[in-house]
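Trainee: Fold the following, please.
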Amino acid sequence: ALCYYYMGSFGDAMETVEEVLKDDPFNVHALCNLAVFYYHLNHPDLKEMVEVLRKLAPFRMEQTYKLATTLGILEDHKGAYLLFKKLIAHSGYGDIHMLHYGAVAAYNSGLLTEAEALWKRVKRLDPTGVVAPYYLEQIERKEAGKPCAKGVSYHYQLMEDEKVFTIEEWKEELVKDPLIRSSFLWALRYGDRDTKIQVIRAFEVIPDKEFEEALRLLLLNPAEDDELKQQVIDVLKNMGAEGPFASIFQHREQMLGFDDAEKWQKVLHCLKNKMQNRYDHQVIEEARLFWLEFIDKAYPGIPNIRKVEAWAASVEYLLLKRSKLSVTREAVSKLYGISITTLDRNCKVIRETFEKEL
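Mentor: Model prediction:
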């Protein structure tokens, strides 16, 4: 639903949320999303939805974060501040963005002392940044009765000529919506794998330095799997980011370029397309892992991948042989449109890489 909303497809967004609430009427994320959609559409039931949200008391931190960002969108900054304060206490004081969100909510609520304390923490964590100093100056100006920013943006970045966008301006440029942005960034860090894939693909159509930085950080996270990182490389390429990229790939620190990851990923896509109507999910997953294991064992001497179909065919053939399933070289070669000679040559390379395991 967020992806639909982010792309301006409000009808699809509303329909998706309503489907979720039919199955789970108390889903915090769906209720928050519905309130945001109501807000931007000036829906007559908005006031009622806000009252529902104010009564929620989520126990999970990701739900609390969702509720906090939503209240910020709805301009209930005092409610947002109380929740951000809870999140900061839970996660510690090392998250620059969370501290900034709390400071913004406090500032917009008139809690200048609290906002100042949080932005001072941001300044210590990001001493070369310009965001915290700018807003600390705004507090000084406000306390001195001088002209200052009236409504502060949650987005951790100053706009051109240090102008803070109003809510109306954020409506006109949804792709820069600071709180929806924060939801995406949170999902990239803490969501499940399927959610992360959706967020990564959403970033592809919204070129942005903050999103690019988040994707680069994911490449260095040893907890993320290699296939997900290959998708990140693909998206970074389409965003126009400059490579190669520092990455923990195949359990090693290395610089990863576009061509390598793209070709490895294409082999997986080819395997899936050819096998999905002939084998169950378990066999296809074994083929995926088999290919990634080969890349891992062959590194750094990974052979040049000229013809994707040839390597996909070799993986399928060797996997089926290892699993003692019925398969012939002729059938696999015909299916992938390659010669038996090419199949044999690539199978030999893979066998040598695995040594006596195949």
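
Trainee: can you list the domain ranges for the chain.
Mentor: 2-179, 192-256, 260-357 (automatic domain parsing).

Trainee: tell me the mean pLDDT for the longest one?
Mentor: The one in question is domain 2-179. Averaged across domain 2-179, the pLDDT comes to 81.

Trainee: Same question for the shortest one.
Mentor: Per-residue confidence for domain 192-256 averages out to 79 on the pLDDT scale.

Trainee: From the chain's centroid, how far away is it?
Mentor: Chain-centre distance of domain 192-256: 9 Å, with Cα atoms, centre = their mean, to the nearest Å.

Trainee: do the longest one as well
Mentor: With Cα atoms, centre = their mean as the basis, the distance from the averaged C-alpha position of domain 2-179 to the chain average is 18 Å.

Trainee: among the domains of the chain, which is nearest residue 186?
Mentor: Proximity to residue 186 (Cβ to Cβ) singles out domain 2-179 among the domains of the chain, at 5.8 Å. In short, each C-beta sits where N, CA and C put it, glycine included.

Trainee: which residue packs closest to residue 332, ignoring adjacent ones?
Mentor: residue 317 (4.6 Å; Cβ to Cβ, 6 or more residues apart in numbering).

Trainee: The helix or strand where that neighbour lies - contacts with which helices or strands?
Mentor: Residue 317 is located in helix 308-322, with elements delineated by DSSP states H and E. Helix 308-322 sits against helix 258-275, helix 281-298, helix 329-336, helix 340-354, with contacts defined as 3 or more Cβ pairs under 8 Å, 6 or more residues apart in numbering; DSSP states H and E.

Trainee: Buried residues, the shortest one. List them.
Mentor: When burial is assessed from 16 or more other Cβ atoms under 10 Å, helix 329-336 yields the following buried residues: 332, 333, 335, 336.

Trainee: Would you mind giving the residues you listed as a markdown table with distance to residue 112 and pLDDT added?
Mentor: Shown next, in a markdown table, are those (distance: Cβ to Cβ, whole Å; pLDDT from 0 to 100):
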| residue | distance to residue 112 | pLDDT |
| --- | --- | --- |
| 332 | 70 | 94 |
| 333 | 73 | 94 |
| 335 | 69 | 94 |
| 336 | 67 | 94 |
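
Trainee: nearest to residue 40, of those residues?
Mentor: Using Cβ to Cβ, the shortest approach to residue 40 within these belongs to residue 336, at 48.7 Å.

Trainee: Excluding covalently adjacent residues, which one is nearest to the closest one?
Mentor: That would be residue 313: by Cβ to Cβ, 6+ apart, it lies 3.8 Å from residue 336.

Trainee: For that neighbour, give me its contacts.
Mentor: 332, 333, 335, 336, 338, 343, 346 (Cβ atoms under 8 Å, 6 or more residues apart in numbering).

Trainee: Spell out the secondary structure type for the fifth one.
Mentor: Secondary structure assignment for residue 338 (DSSP: H, G, I helix; E, B strand; the rest coil): coil.

Trainee: My understanding was that it contacts residue 307; is that so?
Mentor: Yes. The pair residue 338 / residue 307 is scored as a contact, 6.9 Å apart, by Cβ atoms under 8 Å.

Trainee: Check the residue nearest to residue 332 and give its pLDDT.
Mentor: The predicted local confidence for residue 317 is 94.

Trainee: Make sure it is actually in contact with residue 343.
Mentor: Yes. Under the contact definition of Cβ under 8 Å, residue 317 touches residue 343, with a separation of 6.5 Å.

Trainee: Between the two, which contacts overlap?
Mentor: 329, 332.

Trainee: returning to what we had before: ok, so of the contacts of residue 313, who is nearest residue 136?
Mentor: residue 346 (61.2 Å).

Trainee: can you pull the contacts of that closest one?
Mentor: Residue 346 touches 310, 311, 313, 314, counting by Cβ under 8 Å, 6+ apart.

Trainee: what about it, distance to residue 284?
Mentor: Note on residue 346: its distance to residue 284, by Cβ to Cβ, to the nearest Å, is 19 Å.

Trainee: same question, residue 133
Mentor: 53 Å.

Trainee: neighbour-wise, which of these two wins?
Mentor: Using other Cβ atoms under 10 Å as the criterion, residue 133 and residue 284 rank with residue 284 on top: 19 against 14.

Trainee: which one is that one nearest to, not counting chain neighbours?
Mentor: Nearest one to residue 284, counting by Cβ to Cβ, 6+ apart, is residue 275 at 5.0 Å.

Trainee: was I right about the one you found contacting residue 282?
Mentor: No. Using Cβ under 8 Å, residue 275 is not in contact with residue 282; the gap is 11.2 Å.

Trainee: who's more crowded, the two?
Mentor: residue 275 (21 against 8).

Trainee: residues touching that one, list them.
Mentor: Counting by Cβ under 8 Å, 6+ apart, residue 275 has contacts 283, 284, 287, 316.

Trainee: ok, 10 Å please
Mentor: For residue 275, the contacting residues are 281, 283, 284, 287, 288, 312, 315, 316, 319, 320, 335, by Cβ atoms under 10 Å, 6 or more residues apart in numbering.

Trainee: State the distance from the third one to residue 44.
Mentor: With distances taken as Cβ to Cβ, residue 284 is found 49 Å from residue 44.

Trainee: Specify the local secondary structure of residue 39.
Mentor: helix.

Trainee: Fine, thanks again, bye for now.
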